[in-house]
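Novice: Please work out how this folds:
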Amino acid sequence: MMTSAYLLEEAMSSKDDVSNISRQLSGIRDDDISSDVITINRKLQYIQQEATVISN
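Specialist: Residues are numbered from 1 along each chain as shown. Next comes the predicted model:
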């Protein structure tokens, strides 16, 4: 059986985890995400071009 103290400790730990994640996410800007998407897209295009050259 779980005690109230244990449940309270777990709840506070979870709250701290959520707060930490929120702080980390608040540092991510839309510009950063857009830049990452553009970079990934360019790499995928390069890989597709290379695959086309190899298959020909």
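Novice: from here on, contacts and neighbour counts on C-alpha atoms
Specialist: Fine.
Novice: Could you list the low-pLDDT ranges of this structure?
Specialist: Counting by pLDDT under 70, the ranges of the chain that qualify are 1-2.
Novice: What is the neighbour count of residue 30?
Specialist: Residue 30: 9 surrounding residues under other CA atoms under 10 Å.
Novice: Can you give me the distance of the residue minimising distance to the centre of the chain to residue 18?
Specialist: The centroid of the chain falls nearest to residue 25 when counting by CA atoms, centre = their mean (8.5 Å). Between residue 25 and residue 18 the computed distance is 10 Å (CA to CA, to the nearest Å).
Novice: got the CA positions of stretch 19-30 in CSV?
Specialist: The C-alpha atoms that make up stretch 19-30 are tabulated as CSV, following Å, rounded to 0.1, in the frame of the first residue of the first chain:
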residue,chain,number,x,y,z
SER,A,19,8.5,22.2,-15.0
ASN,A,20,12.0,21.2,-16.3
ILE,A,21,10.5,20.1,-19.7
SER,A,22,8.5,23.3,-20.0
ARG,A,23,11.6,25.4,-19.4
GLN,A,24,13.5,23.4,-22.0
LEU,A,25,10.8,23.7,-24.5
SER,A,26,10.3,27.4,-23.9
GLY,A,27,13.9,27.9,-25.1
ILE,A,28,13.0,26.4,-28.5
ARG,A,29,12.0,29.1,-31.1
ASP,A,30,10.0,28.6,-34.2
